[in-house]
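1. Please work out how this folds:
(4 chains)
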Amino acid sequence: MDNLIALLIAAPLLGAAVLLCGGRRLDKIGHWLGTLLAASSFVIGLVLFADMLGRSADDRAMYQHLFSWIPVGGFQADIAFQLDQLSMTFVLLITGVGTLIHVYSIGYMEHDERRRRFFGYLNLFVAAMLLLVLADNYLLLYFGWEGVGLASYLLIGFWQHKPSAATAAKKAFLVNRVGDIGLSIAIMLMFTTFGTFAFGPVLESAGETSEGKLTAIGLMLLLAACGKSAQVPLQSWLGDAMEGPTPVSALIHAATMVTAGVYLIVRSADIFNAAPDAQLVVTVVGAVTLLFGAIVGCAKDDIKKALAGSTMSQIGYMILAAGLGPIGYAFAIMHLVTHGFFKAGLFLGAGSVMHGMNDEVDMRKYGGLRKYMPVTFVTFGLGYLAIIGFPGLSGFFSKDKIIEAAFAKGGTEGWILGAVTLLGAAITAYYMTRVMLMTFFGEKRWQPDAEGREPHPHESPKSMTIPMVLLAFGSVFAGGVFGIGDRFVTWLEPVTAFEHGHPPISAGAITSATVAVMVIGVGIAYLQYGRRPVPVVAPRGSLLTRAARRDLLQDDFNHAVFVTGGTHLTRSLVYVDHSLVDGVVNGTAAGVGGLSGRLRKLQNGYVRSYAVSMFGGTAVLIAATLLMRAV
Amino acid sequence: MSALAAYTTSTGEAFQFWVLGTVAVIGALCTILMKKAVHSALCLAGTMIVLAVFYLANGAYFLGIVQIVVYTGAIMMLFLFVVMLVGVTAADSLKETIKGQRWWAAACGLGFGVLLFAGIGNAALTEFAGLGAANAAHGGNVEGLAALIFTKYVFAFEITGALLITASVGAMLLTHRERTERARTQRELAEQRVREGKHLPPLPAPGVYARHNAVDVPGLLPDGTPSELTVISTLRQRGQVRDVSGEALADLKALEQRSSERLGRDRDEARDGEEASR
Amino acid sequence: MSFPLLTATAAVPAVGAILTAAVPAARRTAAKWLALIVSLVTLVLAGIVFARFEPGGDRYQLVESHSWIRDFGVRYELGVDGIGVALIALTALLIPFIVLAGWHDADPLETSSKRWRPTQGFFALILMVEAMVILSFEATDVFLFYILFEAMLIPMYFLIGGFGDRAHSGSDENAAAQRSYAAVKFLLYNLVGGLIMLAAVIGLYTVAGNFSLTEIAEARANGSLEMATSTERWLFLGFFFAFAVKAPLWPLHTWLPNAMGEATAPVAVLITAVVDKVGTFAMLRFCLGLFPEASKWATPAIIVLALISIVYGALVAVGQRDIKRLVAYASISHFGFIIMGIFAMTTQGQSGATLYMVNHGISTAALMLVAGFLITRRGSRLIADYGGVQKVAPVLAGTFLIGGLATLSLPGLAPFVSEFLVLVGTFARYPVAGIVATTGIVLAALYVLVLYQRTMTGPVKEEVRSMPDLRPRELAVVAPLIAVLLFLGVFPKPLTDVVDPAVRHTMSDVQRTDPQPEVPVQNVEAAK
Amino acid sequence: MNPVNYLYLAALLFTIGAVGVLIRRNAIVVFMCVELMLNACNLAFVTFSRMHGNLDGQIVAFFTMVVAAAEVVVGLAIIVSVFRSRHSASVDDAGLMKL
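-> Predicted coordinates for the structure are as follows:
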């Protein structure tokens, strides 16, 4: 059974290879092939899952060693897989949601002439993501980590003819690379500290080294997580990444890839447990991003960017939970899974709306769509209820646990974190209600698109609605299935040690508070967007709104410091290279040239002139000989 | 013979050295200072003959004779022959064209000479073994040389033979121009002239006057300037065309002068001139 | 006596070069095929060398030794260690693709000209360079190596100066003048380096009394050859300077952008992927082997220069407007990594550096050759003249992207393995240097992606609208290179197995051992 | 008189010849000056022969003469052919390797 693990990755990888190298011949069947291979990977995942459930809790991890990858001296990196409960959760999420989104894309990308390539990239992504979560060492994880980065780059920039898409893709890759520095330094630190970077040995012996070193490793891992999971300060790429096709946003930039940072932190739990300082930084990053994303999400009029802000915020929740230690790991992952369902559903819904609205993304130009797109409306609505934490739906279970765990952190920190998470819940309710109202309720504010076509909203084809429905099921029930009776926690416990947190106030009170803030958020949004007509042109807004529309000026800061500064730096270096480094050499050459120009005058071409120098030379030789004899 | 072995020479030899040595130096100086190559060659020949005498005085009888026969006789004649070929009357301008050449040459020459003299003076050259014994060993100078040439230096001698052959072949190769195409016949030349359309008739003859009995005097055009065409190209290239136009014009003028004096026209002319100036 | 395999590997291209040059003027195509076949035969021979080499055996294998100049103890002495084997394989692998990529680069401008001979010359020179480079990887005699090190400049000079890129940089009309400037600059830089090395070679002879690398290294190791500290340092500097010019290391690098910019793409690949490797190879073999103490003495300074190369090369690459010059500066950055890995004096660093030499060769070849195809199509080297190529020539754009991704060391492609090894190896001994060097990772992504974005994406420019996609010949050049990149990225073991023992010898030359991990995990083996 | 005076004379003649080579432009005269230098050498050899009492010096002088003869033959041939192509016997005019 262990040997099936490689097949999990092999299936989509094969799909990617065939689809990308196959050429135009496969245009007709490419999308079916890609979907089939993704689905087969899901089936293999299910088989392995069934096998895993059949074993005792401590014996569930499976290993497969393929071959030695980089054996150099003490540096031994292997292509080897480890499938434990944590990885299994991810495998099912990735392949399951991945397959649904494949199916969805068949309809969504129907009119795109490069659909085959799109499916190739999607398969590549699934393979890389599986590699990431199945790796049994950090270097192989890094392989998958960069692999998903590449797939993300390719898919964000899928519509390359749009300069904005190409720029967004590049930006995503570059910002991720900054995070990757963290991961590679972390691996190097592990190698110098432990002599290896395989999960097992490193995590087992994590306690044996100094806390300072572990803090350093932890912070570097956090940097990596920030890059991949769009956490402050490396969050700027996620909003732009919405330039990619909507299924991509759903799969990569909502459900799976962006949660890789959470996986990394939870996977490295033993390191973080032994480094409280690093943990504190993790929670702070999570808390800041949580609010940051939520605020940005409130101000965006672009439906996908609003959802992107929401994603950032929700991942902030997960990172925060992961930073809480054993009381939070399981909930981080649980929220990750439920978020995977409802956020993917929301994105697919958004895609369905755009599909019907001539690819319009500005919510101010929607309105009243619920009659025209009933299925989309219902599924989107269920996702909406899930994300704001409506009692009984999946988001409620997972988010509530995180808020509880935040309070349970204890001390002043616990109160602050708890307050932040509650505030975040309120803002979540606010901006999601805003999205809901602006899109499906109110008056029609439809505008003809740039080419003058009037929108004719219609329900999307079956291939798109079925995945949405399935995801909506997940959004509704997943939380209950996982949360009731701590099933999910028990499942994950062998991997991520679990402790029950003890919040200073009762769990019931926290739950009530959660529901209360949610209602407040919804209420304010209703007052602003439900009761009053929504202007088609965005009002100027307050200072905060304007800043939030610009991603809280973070991009402007990046632009001013890194882009402008970097441009000046490179320009001056090019100048230095040309004038100074090369100038010294060319100056020497010019000097020699000048000197030889003078000397050349001696070479006048007259034989007699040369004869004089020969004769003079002979005289000098004789003089020298005589002198030597004299001495 | 025995005198050759002495530290000092006989008075006769000393006298001969000082007189002929002076002649040799003068000859050498004239060689490098004479404007015309033919004069240089003659001066050099003089120096060489003096040197031949010195060889004889030094006991090198064979070389003395060879010097006269081969050098003065053959090589210098070769020189003269080439001088003739190039133009015997052509005189070099002794004006220096390369800046500083003469000064450098003088300085180097002076320095070199002083150094050589110093070197010879410095060397302990008081022992003169003389050639009496060496010459007598094989019964004479020529025999002695022959014995050396055909034993010790036989290889060098043979190689010298090869060198001479090579030199003569080389000289032939250098001066001989291979005719790459058939010589054109008179008819062809005539046709070419017609085709090119210039100088259909024969070239004009040089202007031969009674006092210039030579082909190097160009014929004069009606305006008194010399015509290049009338002189053969070789002389033209050598720059040996004697330009007599000035002379001829002056003669003409003098003739007119004389005839006008005789006819008493000069007074009228003077008057005309005064009027013109007024 | 056994078959002189090493000599044969170098002799085949040398003889092939002469034969190619002798092909009659009218039979241009025959000359091309001859060159291709010869390079393939060389590849087969190199494969045999690779197969015959036993990783666990002696340090130098397939040794050949003949007296050459008896009076000076100069010997024709060949032998390969793992590093040499890897680089011979690289050279032999790349040349067929270079030949194939340059198939039309030396064609006459008017196809009718019957007396055009440079085509033959072009391919003959390439084969000549191959022969010399291979032999220099094999030479274990310092003098023989020196001769080859210098002699390969001659064919390279003619390749750069005589067969320039027909696509001028647009800004300047006098392409010929720029080309000859580049060729002369290349020659002068390398000659100066070579001259200083010659002085050091002579110095070494006066100290050691012979030129044999193995004998001198052995004598140094067992203490029978004492060298004054200052002597050793001066000799080391003499050798290192020449290699640093060739490698090239900042600030001796400025010849490379000119040469690569003006030469045709295949020749540019020849420069950076093959010939320059002789410099880094020689650092590893001669600098460390002959002067271990001086190498250790100079390490800090060299690491700093290498770091400057890495960061500076990448930053200047970002600012380039010319595609080929951009690749050249990227190469400078990568050479910084190689040199840093060599002088980190750890197994990982040096193995990584050796792998880096191989991988950089292949990845740069892939990127540069595709860039060359692109440039030939449009007739311009300026990035600004392109845009939206992806739309009209997707395969070209795709291969270009893969070449670029290899250049930025994406995992899964070969350069990642080497770059990470170099980083780890450096970090283990010099953590700060390791961290500073990681910025190279980000900068590499920047220049590659900016290049890709500006040329391949965006609206289709009018001038590229009719651009054809890769032709079969061009695909035959690029596809195998990409396949090799992928293979070595996932399974570099065949190379590391060969390189690893050789690096261990080098480490023992300089009497260094890897730093031990702070908390050695006992069950590394068990965990596997 | 000491026979060493012959050597001084030879030195003087040699120097005069050398200076002649330097200052004259006519190739034929330059050649003559070279001959003068050779003769000066011969005089020195003959004198040395007398000094040492053996004939080897004379042999050398003899060979010098032969070689000089060969040299003159070739040299004059060169002068003639140069003169043919350039119409000048001046060494200054022959400033280029190729016409």
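2. So the residue in the stretch 351-500 of chain A that chain C sits nearest to, which state does it fall into?
-> Nearest to chain C in the stretch 351-500 of chain A, going by C-beta to the nearest C-beta, is A:A450, at a distance of 15.0 Å. Glycine gets a C-beta too; all of them are placed from N, C-alpha and C. Three-state call for A:A450 (DSSP: H, G, I helix; E, B strand; the rest coil): coil.
3. Kindly list the main-chain dihedrals of it?
-> phi -60, psi -30 (degrees, to the nearest 10).
4. got the phi/psi numbers for A:G23?
-> phi 80, psi -170.
5. if I look at it, how far off is A:A127?
-> From A:G23 across to A:A127, the span is 20 Å (C-beta to C-beta, to the nearest Å).
6. Between those two, which is the more surrounded one?
-> Between A:G23 and A:A127, counted using other C-beta atoms under 10 Å in any protein chain shown, the more crowded position is A:A127 (28 against 11).
7. ok, that one touching A:A16?
-> Yes. Here A:A127 lies in contact with A:A16, judged by C-beta atoms under 8 Å, at a distance of 6.1 Å.
8. Residue 247 - nearest residue in space that isn't next to it in sequence?
-> Using chain A here. Spatial nearest neighbour of A:P247, excluding adjacent residues (C-beta to C-beta, 6 or more residues apart in numbering or on different chains): A:S105 at 4.4 Å.
9. let's do chain C instead
-> Closest residue in space to C:A247, ignoring its immediate chain neighbours: C:G279 at 3.8 Å, by C-beta to C-beta, 6+ apart.
10. Next: B:L80.
-> Spatial nearest neighbour of B:L80, excluding adjacent residues (C-beta to C-beta, 6+ apart): B:A41 at 5.4 Å.
11. was I right about the one you found contacting B:M77?
-> No. Here B:A41 does not reach B:M77: they are 9.3 Å apart, not a contact under C-beta under 8 Å.
12. number of nearby residues for the residue of the stretch 101-250 of chain B found nearest chain C?
-> For the stretch 101-250 of chain B and chain C, the shortest gap (C-beta to the nearest C-beta) falls at B:T180, measuring 24.1 Å. Using other C-beta under 10 Å, B:T180 has 5 neighbouring residues.
13. Doesn't it belong to a strand?
-> No. Remark: B:T180 does not belong to a strand; assigned using three-state DSSP, it is coil.
14. got the phi/psi numbers for it?
-> Main-chain torsions, B:T180, degrees, to the nearest 10: phi -90, psi -20.
15. Now do the same contact list for it.
-> For B:T180, the contact set (C-beta atoms under 8 Å, 6 or more residues apart in numbering or on different chains) is empty.
16. Which helix runs longest in chain D?
-> Longest helix of chain D, by residue count under DSSP state H: helix D:56-86.
17. In three-state terms, label the closest residue in space to C:V38 that isn't next to it in sequence for me.
-> Leaving aside its chain neighbours, C:V38 sits nearest to C:G16 (3.1 Å; criterion: C-beta to C-beta, 6+ apart). Using three-state DSSP, the structure places C:G16 in helix.
18. what's the answer for the one 4 residues further on, then?
-> Here C:T20 takes the helix state, with states given by three-state DSSP.
19. Correct me if wrong: it contacts C:E130.
-> No. Checked against C-beta under 8 Å, the pair C:T20 and C:E130 is beyond contact range at 11.5 Å.
20. Looking at these two, which is more packed in?
-> Neighbours were counted for C:T20 and for C:E130 using other C-beta under 10 Å; C:E130 has more, 33 against 29.
21. That one: what's it in contact with?
-> Going by C-beta under 8 Å, 6+ apart, C:E130 touches C:13, C:39, C:42, C:91-92, C:95, C:274.
22. residue contacts, residue 25?
-> Reading this off chain A. With contacts defined as C-beta under 8 Å, 6+ apart, A:R25 has no neighbours.
23. right idea, wrong chain: chain D
-> A:608, B:92, B:97, D:90-92.
24. What is the burial count for A:L307?
-> Counted by other C-beta under 10 Å, the residues lying close to A:L307 total 28.
25. doesn't A:F347 make contact with it?
-> Yes. Using C-beta under 8 Å, A:L307 is in contact with A:F347, at 6.0 Å.
26. now the helices: where do they sit in the stretch 101-250 of chain B?
-> For the stretch 101-250 of chain B, the helices defined by DSSP state H, counting those that start in this stretch cover B:101-122, B:132-137, B:141-150, B:154-175, B:186-196, B:233-238, B:245-263.
27. With respect to those helices, which exhibits the lowest mean confidence?
-> Mean pLDDT is lowest for helix B:233-238 out of these, coming in at a mean of 73.
28. Quick check: closest non-adjacent residue to the residue of chain B found nearest chain D.
-> Chain B approaches chain D most closely through B:A129 (2.8 Å), counting by C-beta to the nearest C-beta. Here the nearest residue to B:A129 in space, its sequence neighbours aside, is D:G53; by C-beta to C-beta, 6+ apart that works out to 2.8 Å.
29. Contacts for stretch A:464-480 next, please.
-> A:97, A:100-101, A:103-104, A:107-108, A:334, A:337-338, A:341-342, A:344-345, A:348-349, A:351-352, A:355, A:375-376, A:378-380, A:382-383, A:385-386, A:392-398, A:459.
30. Then stretch A:100-120?
-> Applying C-beta under 8 Å, 6+ apart, the set of residues contacting stretch A:100-120 is A:15-16, A:18-20, A:22, A:24, A:26-27, A:30-35, A:38-39, A:122, A:155, A:158, A:245-247, A:250-251, A:255, A:344, A:348, A:351, A:355, A:460-464, A:466-468, A:470-471.
31. cool, stretch C:249-257 as well?
-> Under the criterion C-beta under 8 Å, 6+ apart, residues A:577, A:581-582, A:585, C:182, C:185-186, C:188-190, C:193, C:241, C:244-245, C:248, C:271-272, C:276, C:302, C:305-306, C:308-309, C:312-313, C:325, C:328-329, C:331-332, C:335-336, C:339 lie in contact with stretch C:249-257.
32. Where does pLDDT dip in the chain?
-> No chain in the question, so chain A it is. The model of chain A has pLDDT under 70 over residues A:1.
33. wait, chain D
-> For chain D, the ranges with pLDDT under 70 are D:95-99.
34. Contacts only, for the residue of chain D found nearest chain B.
-> Nearest to chain B in chain D, going by C-beta to the nearest C-beta, is D:G53, at a distance of 2.8 Å. Applying C-beta under 8 Å, 6+ apart, we find D:G53 in contact with B:5, B:129-131, B:133-134.
35. Contact residues of the stretch 101-250 of chain C facing chain A?
-> C:188-189, C:250 (C-beta under 8 Å from any C-beta of the partner chain).
36. Setting aside sequence neighbours, what's the nearest residue to residue 199?
-> Just so you know, I chose chain A. For A:F199, ignoring the flanking residues on the chain, the nearest one in space by C-beta to C-beta, 6+ apart is A:D136 at 5.7 Å.
37. hmm, I had chain C in mind actually
-> Nearest residue to C:A199, sequence neighbours excluded (C-beta to C-beta, 6+ apart): C:G238, at 5.7 Å.
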